[in-house]
Every structure is written in C-alpha cells, then in structure tokens.
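Participant: Got a predicted model here, sequence first, then my questions.
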Amino acid sequence: MEVTEARSKFIESWGKLGTNWGISRTMAQVHALLLISPTALCTNEIIDELKISRGNVNQNVRTLIDWGLVHKELRCGDRKEYFYAEKDIWTVLRQVIKHRKKRELEPMMDVLESLSELDQDSEEGRELIKVTNEVLHFSKKTDKALDNLVKSEKNWLTTAVFNMIR
C-alpha cells in the first residue's frame with residue numbers, strides 16, 4: 001500500500017470514528033488530515049486534500065480549535081493561517097471526553113435532577129422517580145469517573161489497562 005492510499009484510508013476511518021464521538025464526519029476528517037500531516041496546513045491545502053468547501057473547512061477548524069484539538073500557527077511574512085493538530089492521543093481523548101460530557105451528560109443530569117421534584121402521588125410517578133433516580137445515580141458515577149480520567153496522567157491509564165489484561 002502506498003502512502004497516498006494509506007492516508008486516504010486513515011482519513012476515511014477517522015471520519016467514521018468521529019461520528020461515534022459525536023462529531024461530524026467532515027470535522028473528524030479535517031482532524032485526521034491535520035493529525036497525520038508532518039507540517040501545519042493552510043485552509044487551501046485542506047480544501048485541496050479533502051475536496052470540501054472553504055466555509056466547511058473554516059467552520060470545522062474553528063470548532064477543532066475550540067475543542068483544543070487543533071492549534072493555529074502564524075508565519076512571518078505570510079498572511080495565511082496554518083493549522084496543526086494536537087499529536088498526543090491521550091490529550092485528544094481527554095479533550096473529546098470533556099466536550100462530550102459537557103454537551104451530553106451534564107444536560108441529561110440537569111433534567112434528571114429536575115425530575116426528582118415530581119409529585120409522587122401516583123404509582124406511575126413513583127416508578128418514574130425510581131428509574132430516573134437510578135439513572136441519575138449511575139450518571140453521577142460516570143461523571144466522576146470521567147472527571148478522574150480527564151485529570152489523570154497517561155501512565156495511570158496504561159498501568160490500569162495492563163493490570164486488567166493480566
């Protein structure tokens with residue numbers, strides 16, 4: 001397999017993986033391209049490589065910057081902005097976890113907590129409270145575990161995984 005084909009396969013696969021992370025395929029593909037590029041790329045280079053519109057590139061790059069997955073580089077004498085990806089996969093994983101938690105888990109926990117104020121005069125209300133409290137309890141444990149994962153060092157996770165494998 002040649003490098004060009006391997007790059008294309010990686011970008012396409014990362015795009016599919018990104019949809020499982022809760023981001024668009026195109027955003028994941030932009031991230032993949034920047035992740036495997038040995039140097040920072042300008043918007044035009046991303047457009048040429050991925051065959052997507054300038055607006056799509058700009059929107060996705062800005063979002064990736066907001067997520068802390070991509071950084072901007074300015075070069076003296078050049079008006080273009082160049083972009084490069086965070087190469088440390090542990091940092092990438094932690095950033096994705098933080099954003100998904102903020103976007104998905106925390107709003108759900110807010111809803112579940114507000115449901116605890118429901119009138120429990122009926123069997124239906126009591127069952128609803130029982131189930132939502134169990135989901136909230138599990139969600140809080142998940143939230144705490146994710147917080148610990150985000151705060152942890154890379155070597156902690158590696159050690160934990162190897163201990164589970166043994």
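Facilitator: In hand now; what should we look at?
Participant: now G68, what's its secondary structure?
Facilitator: Secondary structure for G68, judged by DSSP: H, G, I helix; E, B strand; the rest coil, is coil.
Participant: how close does D147 get to K140?
Facilitator: Applying CB to CB, to the nearest Å, the value for D147 to K140 is 11 Å. Where C-beta positions appear, they are placed from N, C-alpha and C, glycine not excepted.
Participant: and if you look at L74?
Facilitator: Using CB to CB, one obtains 43 Å as the distance from L74 to K140.
Participant: neighbour-wise, which of these two wins?
Facilitator: More neighbours surround K140 than the other of L74 and K140, with 14 against 10 (other CB atoms under 10 Å).
Participant: how far out from the middle of the chain is stretch 142-153?
Facilitator: Stretch 142-153 has its C-alpha centroid displaced from the chain centroid by 15 Å (CA atoms, centre = their mean, to the nearest Å).
Participant: got the contact list for it?
Facilitator: Contacting residues not belonging to stretch 142-153 are listed as R94, I97, K98, K101, L105, E106, M109, L157 [CB atoms under 8 Å, 6 or more residues apart in numbering].
Participant: buried ones in that stretch?
Facilitator: L146, L149 (16 or more other CB atoms under 10 Å).
Participant: Report the residue ranges of every domain in this protein.
Facilitator: Domain segmentation of the chain under automatic domain parsing yields 3-85, 89-165.
Participant: so of the ones you listed, which one's packed in deepest?
Facilitator: Comparing the domains of the chain by mean neighbour count (mean count of other CB atoms under 10 Å), domain 3-85 ranks first with a mean of 15.
Participant: Can you get me the start-to-end distance on that domain?
Facilitator: Start-to-end span of domain 3-85 (CA to CA, to the nearest Å) is 19 Å.
Participant: how close does the closest residue to W14 other than its chain neighbours sit to K9?
Facilitator: The shortest distance from W14 to any non-neighbouring residue, by CB to CB, 6 or more residues apart in numbering, is to A32 (3.4 Å). The gap separating A32 from K9 is 10 Å, by CB to CB.
Participant: A40 too?
Facilitator: If you measure A40 against K9 using CB to CB, the figure is 23 Å.
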